[in-house]
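Trainee: Okay, sequence plus prediction incoming.
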Amino acid sequence: MSLPPADSALGRLMAHLPRPGRVEWIGLRPKRDVPMEPVEAVLAQAGLGLVGDRYAGGSGKRGVTLIQAEHLPAIAALSGRDAVEPSLLRRNVVVSGLPLVALKGRRFRLGEALLEGTEDCDPCSRMEDALGPGGYNAMRGHGGLCARILEGGHIRRGDALIVLAD
């Protein structure tokens, strides 16, 4: 995705975020068909993924998956639940405080790691099992963001997500 020129009106609007984000939850899936395991911290490896996650080892554009904390109540409401646990949604990191859609095509620091937002993290058919009938559609538009790891480092609960200047 190409961003508009930084000196354009739209480019200036898209570059401004009101505050940094914050890591609220981190989860890893050590192998296929097992529940996510919540962790307090994880090591991100450049070009590989998160140590301990089944996708580590060459995940490229999908080294880390992120979802917005503010979307969890919407997903719950749309799937007929009172609440949704982040582990059900199969994303690695829950972030609050800023719109993840604004990070597509942008570089940002998540804890010590340098990431680049690559594409929407669309839901998969497994959301029907996780959330019940209609779970896939409940997540459409709320699935989060995929990011590649450009520089490794630790990511911890409570760390800031800082968007870098273009």
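Mentor: Cool, the structure landed.

Trainee: Tell me the secondary structure at the residue minimising distance to the centre of the chain.
Mentor: Using CA atoms, centre = their mean, the residue of the chain that lies closest to the mean C-alpha position is residue 66, 0.7 Å off. Secondary structure state of residue 66, per DSSP: H, G, I helix; E, B strand; the rest coil, is strand.

Trainee: bridging residues for it?
Mentor: Counting by DSSP bridges, residue 66 forms beta bridges with residue 93, residue 145.

Trainee: Tell me the confidence at it?
Mentor: pLDDT recorded at residue 66 is 97.

Trainee: correct me, but it touches residue 95?
Mentor: Yes. With contact defined as CB atoms under 8 Å, residue 66 and residue 95 form a contacting pair (5.5 Å). C-beta: built from backbone N, CA, C; applies to glycine.

Trainee: State the distance from residue 115 to residue 53.
Mentor: Residue 115 sits 14 Å away from residue 53, going by CB to CB, to the nearest Å.

Trainee: Same question for residue 82.
Mentor: 29 Å.

Trainee: Could you check which of these two has the larger neighbour count?
Mentor: residue 53 (24 against 7; other CB atoms under 10 Å).

Trainee: where's that one, which helix or strand?
Mentor: Following DSSP states H and E, there is no helix or strand that holds residue 53.

Trainee: Leaving out the residues flanking it, which one is nearest to it?
Mentor: Closest residue to residue 53 apart from its sequence neighbours, by CB to CB, 6 or more residues apart in numbering: residue 28 at 4.5 Å.

Trainee: Can you get me a residue count around that neighbour?
Mentor: 18.

Trainee: Going by neighbour count, which residues in the helix or strand hosting residue 43 are buried?
Mentor: Applying DSSP H and E as the criterion places residue 43 in strand 41-45. By 16 or more other CB atoms under 10 Å, the buried positions in strand 41-45 come out as 42, 44, 45.

Trainee: cool, stretch 64-72 as well?
Mentor: Going by 16+ other CB under 10 Å, stretch 64-72 has these buried residues: 64, 65, 66, 67, 68, 69, 71, 72.

Trainee: could you dump those residues to CSV with distance to residue 152?
Mentor: CSV is the format used below for the buried residues of stretch 64-72 (distance: CB to CB, whole Å):
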residue, distance to residue 152
64, 11
65, 17
66, 17
67, 22
68, 24
69, 24
71, 27
72, 28
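
Trainee: Go through those residues and name the one nearest residue 157.
Mentor: residue 69 (12.0 Å; CB to CB).

Trainee: right, and the closest one touches residue 94 too?
Mentor: Yes. At 5.1 Å, residue 69 counts as touching residue 94 under the criterion of CB under 8 Å.
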